[in-house]
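# Coordinates for the following, if possible.
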Amino acid sequence: MRARVRDKVPLTAPKILTLNKKRVKTLCSALNFSYLCRIKKKKQVNLVIDIGNTCAKLVCFDGGKVVEEQRVDKGEEGLLDEFCRKYRFERGIVSAVAELSEEFSAKIAALPFPMLKFESGVTPVPIVNKYRTPKTLGTDRLAAAVGAAMQNPGRDILIIDVGTCITYDLVNARGEYLGGNISPGPTIRFKALNQFTARLPFVDREGVNPLLGNTTITAIRSGVIRGVKYEIEGYIRRFSEKYPNLYVYLTGGVHLGLHFSKNFPNFAPQTDDYLVPKGLNRILEYNEKNI
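Now for the predicted structure:
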């Protein structure tokens, strides 16, 4: 019996080995085909150009995620060419709240992929715009509203953008943009105190800002910084009375070291510096068939 068992082993082993090879070959072919399919379904790479009052932002999105951001100041328009050489962009969107230079406009027009020019009241957006004068609404404000609503569907949202101006914009739980307010930003306030008075100096926002200033410098800095803080808190409290579950976003290019999350539980955990570009990217995707 033992001899016959040993005799059978060499006869059956090759058959098992041959069968395994076939299975492995079939499996490898299937995996390779699946891998090739995944390559063909490559994520869309988008270029977002967000032009503000002081600078422009170039943002690369891959599948809805931010890959890289490049700041472009006046006179640095050539950075657009360098940025575009890094990625294979398939489409893009441009939003501007300031006039473009001829050079920058020409460079955008010469890009080798379709670019959507975002215009409030003209370009379709994935939320309802209830602004009475939709064409006068800043594209950055509308894009921020889209970005916030996209990330928090079904919520009442207050978007606070601290930049050259401070804007307060509201989107309700039904995805309707209801409007907002515009207030002077910190830099405007510092400059106004200097330009519209005889002796008050221009003060940099960096530095100590005690509750009560004990020098003219600290009095101005504390007055501006704390004034902005108390203004923002006032808006949040007032809107929270009407919308108990209000969710609040703080964004913008001016960072004042303001922290509100401890006092307001529905405050976004951190500043979202890409809220406007995210909204623009969503608007680009929403208009894919129109490009």
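
# Okay, now the unreliable bits of the stretch 101-250 of the chain?
Of all residues in the stretch 101-250 of the chain, none has pLDDT under 70.

# for residue 82, phi and psi?
For residue 82, the backbone dihedrals (degrees, to the nearest 10) come out as phi -60, psi -40.

# What separation do you get for it and residue 128?
39 Å (C-beta to C-beta, to the nearest Å). Every residue, glycine included, has its C-beta placed from N, CA and C.

# quick one: the helices in the stretch 51-200 of the chain?
Along the stretch 51-200 of the chain, counting by DSSP state H, counting those that start in this stretch, helices occupy 79-86, 102-109, 139-151, 186-195.

# Could you pull out the buried residues of the second one?
Going back to what we said before, that points to helix 102-109. Using 16 or more other C-beta atoms under 10 Å as the test for burial, helix 102-109 gives 104, 107, 108.

# Neighbours of residue 90, how many?
14 (other C-beta atoms under 10 Å).

# Just confirm it contacts residue 111, I think it does.
No - here residue 90 lies out of contact with residue 111, judged by C-beta atoms under 8 Å, at a distance of 11.2 Å.

# Identify the residues contacting the residue most central in space within the chain.
The residue lying closest to the centre of the chain (C-alpha atoms, centre = their mean) is residue 274, at 2.5 Å. Residues near residue 274 by C-beta atoms under 8 Å, 6 or more residues apart in numbering: 59, 66, 69, 147.

# which of those residues are buried?
If you count burial by 16+ other C-beta under 10 Å, the buried members of these come out as 59, 147.

# ok now do residue 212, which residues does it touch?
residue 222 are the contacts of residue 212 under C-beta under 8 Å, 6+ apart.

# any idea how far residue 119 is from it?
47 Å.

# roughly how far apart are residue 101 and residue 117?
16 Å.

# Repeat that for residue 46.
Relative to residue 117, and taking C-beta to C-beta, residue 46 is found at 15 Å.

# again with residue 63
23 Å.

# Who has more neighbours out of these two?
More crowded of residue 63 and residue 117, by other C-beta under 10 Å: residue 117, with 13 against 10.

# Correct me if wrong: the more buried one contacts residue 92.
No - counting by C-beta under 8 Å, residue 117 stays clear of residue 92, with 10.0 Å between them.

# Check the buried residues of helix 102-109 against residue 245 and report the nearest one.
Among the buried residues of helix 102-109, residue 108 lies closest to residue 245 (C-beta to C-beta), at 40.7 Å.

# right, and the closest one touches residue 77 too?
No - in this structure, residue 108 is not within contact of residue 77 by C-beta under 8 Å, at 9.3 Å.

# tell me the most buried of the helices of the stretch 51-200 of the chain?
When these are scored by mean count of other C-beta atoms under 10 Å, the highest mean neighbour count falls to helix 139-151 (a mean of 25).

# re earlier: sort out for me which of the contacts of residue 274 are in strands.
59, 66, 69 (DSSP state E).

# In TSV: those residues, plus pLDDT and distance to residue 157.
Below are these laid out as TSV (pLDDT from 0 to 100; distance: C-beta to C-beta, whole Å):
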residue	pLDDT	distance to residue 157
59	97	21
66	95	20
69	95	23
